[in-house]
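S.K.: Need the 3D shape of this:
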Amino acid sequence: MTNTAETVADTLYEWFGNSARAQPDAVALEVDGVAWTYRRLANVAGNIASRILAVCDGQEPRRVGLLASRTATAYAGYLAILRLGATVVPLGTSFPAERNAAVAAAARLDVVLADGSADSTALGDRTLVLDHARLAAWADESVPSIRAFEPRGAAYILFTSGSTGVPKGVPISHGNVCAFLRNTVARYGAGPGSRVSQIFDLTFDPSVFDMFAAWGSGATLVVPARADLLAPVRFVNRKAITHWNSVPSVISLAHRLRMLRPDAMPTLRRSVFCGEPLTLDQAKAWRIAAPHSRVENAYGPTELTVTCTSYTLPCELEDWPHTHNGTVPIGTPYPGVEYRMIDGELCVRGPQRFDGYLDPADDHGRFRTGDGHPHDPNTPLDHTHWYRTGDRISTTPDSADPPVLVHLGRNDEQVQVQGYRVELAEIAAAIREIPEIADAAVVPLTRPGGDTALAAAFTCTDPHRDDATTETLRQHLQRRLPDYMIPRNFLRLDALPLNPRGKIDRPALAQLLTDADPTTTPKPERGTAIQDPASRLV
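M.R.: Residues are numbered from 1 along each chain as shown. The predicted structure follows:
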């Protein structure tokens, strides 16, 4: 059966609703050991929507918080909120209660839907807590009559970590997300019978792709338990996953666990990585373990709706590109997405570009006019304005048309050492060239007197061997880099510290390196709200 949802859906709920009508008895969701068909999941979503209306005294809610993670309540609740035409505002079950309360206040939530796995006492009296037993009962019940609601606002709002410490709300419209899905779902190639991973929490925007790439094509969304996240290869095989989406750090984790053996994941057909740079070495290791899978690298900040460019590696390894920093290209923009380099920064506009932050004050400095000038915050934004990503790009050495883009790093990852501009990503890439090195990261530290000192941490492919010594690294880098780019200190770790999103926790790493050299202190990094995955909701 062919699902055509991606060609006709104009709202986010329709991507699910079309599939539910076309194949009601197919499995839409597997979570907590329970399989939910499209019919049963739609029934549950309808009953939840009815209860939300009751909590709101029959008044149509505008924004609904969702404090749930990796449960049926999380996914049925997401659909219920959309069915009401309301905006989904995911809250983090692992976030401090104070942060969730701040987000709820900033979003002016009308009601909160929760699964009881986190403290919701600070979120107000209008909190509807649902457990699995109640959802299971609703699955086979008729849905109370609910009038059709037209969306009155954004499809969802995600909150990033603001540079001032105050979370910034990023509203994504139905037009934004439907344009994104029309650009990505067909290419992903999922459909009836496909089994799509759901690795990301709902507070991280790639989860939107996971859910609706599955539900918009009639596939099954398969949600891992927390323990499964620490054993990705075992999860893929146990659940016969065909379509995968995660951050590249998962590859490094699987490599450390010695799980990326040849043909270790024979069921995979498509693998997408996003959220941080994907190295060619990581992609190769994954491809060898999943030889039947195409590997795609996708790029995009939350403000541009999940991802806005992508690059699919050729089938044959010998045809893969070579980039100067060892990363997989981020590819070409999706149809309708325009980009321009302005003052060395990637700027983007098009149907996936959001219309500004929830608090208009946060728009200051984040946009440029159509002709490239700074946006005057006293004038309204329109479709001609460019969003400033804070990223730098180049193109591959070939003369491809359109050009294939390569991500070079953040503008704010650039530091000055002895008056020279230094790119930290370039040093880390040079360290990773050593065969014994599994992963590496470089951070700037402050020496007495305020000078910048570079420090590096690395992990080894074999934790029991001592080939990769500090002297080995230094000698290698002396052959590759000028003296001012060679880190002052090196620290070998069993694993680089990761934050809850699975990305390198740079503040924690800086503290580890400072502890190893007490004469230094962590150097504040500009733009951590974008480097830190939790900042993308993130």
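S.K.: Which strand residues bridge residue 112?
M.R.: residue 65, residue 127 (DSSP bridges).
S.K.: from what I can see it touches residue 91, true?
M.R.: Yes. Residue 112 lies in contact with residue 91 (C-beta atoms under 8 Å); the separation is 7.4 Å. Bear in mind the C-beta positions are built from the backbone N, C-alpha and C, glycine included.
S.K.: who touches both of these two?
M.R.: 65, 66, 67, 104, 123 (C-beta atoms under 8 Å, 6 or more residues apart in numbering).
S.K.: Pretty sure residue 107 is one of the things the first one touches, is it not?
M.R.: In this case it means residue 65. Yes. The pair residue 65 / residue 107 is scored as a contact, 7.0 Å apart, by C-beta under 8 Å.
S.K.: which residues touch residue 332?
M.R.: The contact partners of residue 332, by C-beta under 8 Å, 6+ apart, come to 309, 310, 311, 402, 403, 404, 405.
S.K.: And these, which two are furthest apart?
M.R.: Farthest pair in the contacts of residue 332 (C-beta to C-beta) is 310 and 403. Separation: 14.2 Å.
S.K.: Who has more neighbours out of those two?
M.R.: residue 310 (22 against 16; other C-beta atoms under 10 Å).
S.K.: so after the one helix or strand that one maps to, what's the next helix or strand?
M.R.: Taking DSSP states H and E as the definition, one finds residue 310 inside strand 309-312. Using DSSP H and E, the helix or strand that follows strand 309-312 towards the C-terminus is strand 332-333.
S.K.: quick check: mean pLDDT across that following strand?
M.R.: If you average the pLDDT over strand 332-333, you get 96.
S.K.: One more: stretch 501-509?
M.R.: Over the span of stretch 501-509, the pLDDT mean works out to 84.
S.K.: Just the buried residues of that stretch, please?
M.R.: Neighbour-count burial for stretch 501-509 flags 501, 502, 503, 504, 505, 506, 507, 509 (criterion: 16 or more other C-beta atoms under 10 Å).
S.K.: Just the closest of the shared contacts of residue 112 and residue 91 to residue 335, please.
M.R.: residue 66 (30.7 Å).
S.K.: so what's the closest one up against?
M.R.: Counting by C-beta under 8 Å, 6+ apart, residue 66 has contacts 74, 77, 78, 81, 88, 89, 90, 91, 112, 113, 114, 202.
S.K.: And the pLDDT for it?
M.R.: We have a pLDDT of 98 for residue 66.
S.K.: domains of this protein?
M.R.: As given by automatic domain parsing, the domain ranges for the chain are 332-410, 418-536.
S.K.: Can you get me the start-to-end distance on stretch 389-402?
M.R.: Taking C-alpha to C-alpha, to the nearest Å, the first and last residues of stretch 389-402 lie 20 Å apart.
S.K.: In contact with residue 35, which residues?
M.R.: Residues counted as contacts of residue 35 (C-beta under 8 Å, 6+ apart) are 27, 29, 220.
S.K.: Relative to the whole chain's centre, how far out is the helix or strand where it lies?
M.R.: Per DSSP H and E: residue 35 is located in strand 34-37. Computed by C-alpha atoms, centre = their mean, to the nearest Å, the chain-centroid distance of strand 34-37 equals 26 Å.
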